[in-house]
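**Student:** After the sequence you'll find the predicted model.
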2 protein chains.
Amino acid sequence: MIGNLVVFGVGLIGASVGLALKEAGAVGRVVGIGRSRENLRRALDLGAIDEIASDAREAVPAANLVLLAVPVGQVGAAMQAVAPWLQAASVVTDVGSTKRDVIAQARHHLAPHLARFVPGHPIAGAEQSGAAAARAALFQGRNVVLTPLPENDVSAIAQVESLWRACGARVSTLPATQHDAIFGAVSHLPHLAAFALVAEIASRGDAPELFRFAASGFRDFARIAGSSPEMWRDICLANRDVLLEELDRYLASLATIKSKLACGDADGLEAIFAAARSAHRAWLTEP
Amino acid sequence: MIGNLVVFGVGLIGASVGLALKEAGAVGRVVGIGRSRENLRRALDLGAIDEIASDAREAVPAANLVLLAVPVGQVGAAMQAVAPWLQAASVVTDVGSTKRDVIAQARHHLAPHLARFVPGHPIAGAEQSGAAAARAALFQGRNVVLTPLPENDVSAIAQVESLWRACGARVSTLPATQHDAIFGAVSHLPHLAAFALVAEIASRGDAPELFRFAASGFRDFARIAGSSPEMWRDICLANRDVLLEELDRYLASLATIKSKLACGDADGLEAIFAAARSAHRAWLTEP
């Protein structure tokens, strides 16, 4: 049970955590801080938060746990805002899609409080954003990856794990470097691949004609190209070294297909497609 | 009303046409021809066909309309099989995802019958295949593109249009070259992009770990990598010239993103992502 939770950034993720914890009876009071008054009002109306605070100074001193639920690009500023008002016992966590950069920011802005800052990444979200899109079930059955610091108190890690379990999530732990490598491959790269394809088609003179005939295969492939440009800009820059390597691997894989296609290597093409399908099927049927 | 329909190749598409026409009361008798006896039995049990014929010689002389519903790679052999038994009045159509190659095969195998061969492409399908996956509603609201030949009789085109409208589809017409260019961009290229990405990840030593953390964004992006390797091999080879150009455009688009990422060009990345999202949104909200 979290007595007093401060949610810094009450968007889809922050507001959904508020709803989920309240539904689970796992929180006393939820206080929201954010830039958009209208969005905070929405969160209040939805019952995701109990109270709107005008700034960190007002809310953070009473917090048992502070959830930094702002985009990766704003997490440094959020840490700077909360740092002066944290009680020694308060636990802080975040929800960023990249972890090495968030940890670097924490070492800079939360240095005296590192024992109780536990980095986290809920693998949930959607193209929607804002409190209006929040729902209590957003994290049900989803993975949340924590990347604890060597300095972390065991009790702080346990509190963040409890928070996510109360939201219905499965919690696992990874070193930050491995986290960023894994999500570079299975999340950030696919986003770049989809953005690149849709942007390229959109740039053509006959784009309307092309889109008119796009069907369900295209729709699913391209869904992630509907994601927030600002958020993905920040994720790409935060995970730049990994993504540059991932892009090289992907460019090489496409170049292999291109050369097999150019020389009419039917068996070679089929082997690549079959390897993809078989990996895809194995993945789908995993427990 | 089609009196006697012969379906050559009773897979997902062929069997679904049988079911849809019967549900619409738009066909008298449906006769199936295929390689797998077990699959034909399934189609018969489902009511997609009324009768199994052992070969073209048995079925085709009585056909008012012959639907060649085999994969693109087998359409030449199918034409060769039906050609000797076609009545002068019979209409023939196909369902191939590429059209220039199908037309080339028709000019070769159906030369005396070109006036009544109308090439077609229903934009429907799924990762499943076989008669067991068939359903009457598969074409409801879907596009079917016809690419008529200069030689085509107007009445033959009209009969093929009626067939697809009876299945609930919207029918449009394109020149074959434009058809192949459009679907190269919005269907074949995305398939290659997904196959390339999934195959590349699957080739790594830590693939199981990577797939374990893949989430819904990856699932949708990668869905088309579950498609039939044989079918996609044939489509790629049939549309090779277009796809080589499409791959070059895509490689260039990815290279642009890579160079912007390498030099930390935040605004440049955001502009590409925003162009993709805005095109994607416009597409989703189109009527």
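**Tutor:** Good, I have the coordinates. Residues are numbered from 1 along each chain as shown, chains lettered A, B, ... in the order given.
**Student:** Mind jotting down where the strands sit in the stretch 101-250 of chain A?
**Tutor:** In the stretch 101-250 of chain A, the strands defined using DSSP state E, counting those that start in this stretch lie at A:117-118, A:120-122, A:143-146, A:170-173.
**Student:** now check the lengthiest helix in chain A, is it near chain B?
**Tutor:** The single longest helix within chain A, with elements called by DSSP state H, is helix A:240-262. Yes: applying Cβ under 8 Å from any Cβ of the partner chain, one finds helix A:240-262 touching chain B at A:240, A:243-244, A:247-258, A:261-262. Bear in mind the C-beta positions are built from the backbone N, C-alpha and C, glycine included.
**Student:** dump the residue contacts of the residue of the stretch 1-150 of chain A at minimum distance from chain B.
**Tutor:** The stretch 1-150 of chain A approaches chain B most closely through residue A:123 (4.6 Å), counting by Cβ to the nearest Cβ. By Cβ atoms under 8 Å, 6 or more residues apart in numbering or on different chains, the contact set of residue A:123 is A:142, A:143, A:144, A:145, B:213, B:215.
**Student:** Just the buried subset of these, written out for PyMOL, thanks.
**Tutor:** Selection of the buried residues among the contacts of residue A:123 in PyMOL, burial being defined by 16 or more other Cβ atoms under 10 Å in any protein chain shown:
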select buried, (chain A and resi 142+143+144+145) or (chain B and resi 213)
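**Student:** Please identify which of the contacts of residue A:123 is nearest to residue B:64.
**Tutor:** Relative to residue B:64, the closest of the contacts of residue A:123 is residue B:215; by Cβ to Cβ it sits at 50.6 Å.
**Student:** and residue A:79, what helix or strand is that in?
**Tutor:** Residue A:79 belongs to helix A:75-82 when elements are defined using DSSP states H and E.
**Student:** chain center to that helix, what's the gap?
**Tutor:** 17 Å (Cα atoms, centre = their mean, to the nearest Å).
**Student:** Give me the buried positions along that helix.
**Tutor:** So, applying 16+ other Cβ under 10 Å, buried residues of helix A:75-82: A:75, A:76, A:78, A:79, A:81, A:82.
**Student:** Determine the set of other helices and strands touching the next helix-or-strand element following it.
**Tutor:** Using DSSP H and E, the next helix or strand after helix A:75-82 towards the C-terminus is strand A:91-94. Applying 3 or more Cβ pairs under 8 Å, 6 or more residues apart in numbering or on different chains; DSSP states H and E, one finds that strand A:91-94 makes contact with strand A:65-68, helix A:75-82, strand A:117-118, helix A:154-166.
**Student:** any chance of those in JSON lines, with mean pLDDT too?
**Tutor:** Shown next, in JSON lines, are the helices and strands packed on strand A:91-94 (pLDDT from 0 to 100):
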{"stretch": "strand A:65-68", "mean pLDDT": "98"}
{"stretch": "helix A:75-82", "mean pLDDT": "98"}
{"stretch": "strand A:117-118", "mean pLDDT": "98"}
{"stretch": "helix A:154-166", "mean pLDDT": "98"}
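**Student:** so, in contact with chain B or not, the worst-scoring helix or strand of chain A on mean pLDDT?
**Tutor:** Every helix and strand in chain A was compared by mean pLDDT, DSSP states H and E; the lowest is helix A:216-222, with a mean of 86. Yes: using Cβ under 8 Å from any Cβ, helix A:216-222 reaches chain B at A:217, A:218, A:220, A:221, A:222.
**Student:** before we move on, back to that, buried ones among the residues of helix A:240-262 next to chain B?
**Tutor:** A:240, A:243, A:247, A:249, A:250, A:251, A:253, A:254, A:256, A:257, A:258, A:261.
**Student:** how about residue A:4, secondary structure?
**Tutor:** Here residue A:4 takes the strand state, with states given by DSSP: H, G, I helix; E, B strand; the rest coil.
**Student:** Now for residue A:110, how many residues are close by?
**Tutor:** 20 (other Cβ atoms under 10 Å in any protein chain shown).
**Student:** Could you state which residue of chain A sits nearest its centroid?
**Tutor:** Nearest residue to the geometric centre of chain A (Cα atoms, centre = their mean): residue A:97, 3.7 Å.
**Student:** roughly how far apart are the closest residue to it other than its chain neighbours and residue B:117?
**Tutor:** Excluding its sequence neighbours, the residue lying closest to residue A:97 (Cβ to Cβ, 6 or more residues apart in numbering or on different chains) is residue A:235, at 5.0 Å. Using Cβ to Cβ, to the nearest Å, residue A:235 is found at 52 Å from residue B:117.
**Student:** Between those two, which has more neighbouring residues?
**Tutor:** Higher neighbour count among residue A:235 and residue B:117: residue B:117, with 31 against 26, using other Cβ under 10 Å.
**Student:** Isn't that one up against residue B:106?
**Tutor:** Yes: shown here, residue B:117 and residue B:106 form a contact pair, counting by Cβ atoms under 8 Å, at 5.0 Å.
**Student:** Name the residues contacting each of those two.
**Tutor:** Shared contacts of residue B:117 and residue B:106, defined by Cβ under 8 Å, 6+ apart, comprise residue B:149.
**Student:** if we can go back for a sec, helix or strand next in line after the longest helix of chain A, which one?
**Tutor:** Per DSSP H and E, the first helix or strand lying C-terminal to helix A:240-262 is helix A:266-284.
**Student:** Check what contacts that next one and list those residues.
**Tutor:** A:256-257, A:260-261, B:194-196, B:198-199, B:201-203, B:207, B:211, B:214, B:222, B:225-230, B:232-233, B:236-237.
**Student:** For it, buried residues please.
**Tutor:** By neighbour count on 16+ other Cβ under 10 Å, the buried set for helix A:266-284 is A:268-270, A:272-280, A:283.
**Student:** same thing with stretch A:111-127?
**Tutor:** Going by neighbour count (16+ other Cβ under 10 Å), the buried part of stretch A:111-127 is A:113-125, A:127.
**Student:** Show me which residues of the stretch 1-150 of chain A sit near chain B.
**Tutor:** Contact residues, the stretch 1-150 of chain A versus chain B (Cβ under 8 Å from any Cβ): A:123, A:124, A:142, A:143, A:145.
**Student:** Quick check: which ranges of the stretch 151-287 of chain A have low pLDDT?
**Tutor:** Residue ranges of the stretch 151-287 of chain A with pLDDT under 70: A:287.
**Student:** Please repeat the previous calculation with a cut-off of 80.
**Tutor:** A:286-287 (pLDDT under 80).
**Student:** among the strands of the stretch 101-250 of chain A, which is nearest residue A:101?
**Tutor:** For the strands of the stretch 101-250 of chain A, distance to residue A:101 was read as Cβ to Cβ. The smallest value, 12.0 Å, belongs to strand A:120-122.
**Student:** Wait, residue A:244 touches residue B:262, no?
**Tutor:** Yes: with contacts counted by Cβ under 8 Å, residue A:244 reaches residue B:262, the gap being 6.1 Å.
**Student:** Residues in a beta bridge with residue A:68, which ones?
**Tutor:** In this entry, residue A:68 is beta-bridged to residue A:8, residue A:94, by DSSP bridges.
**Student:** Look up how far residue A:16 lies from it.
**Tutor:** Taking Cβ to Cβ, one finds residue A:68 at 15 Å from residue A:16.
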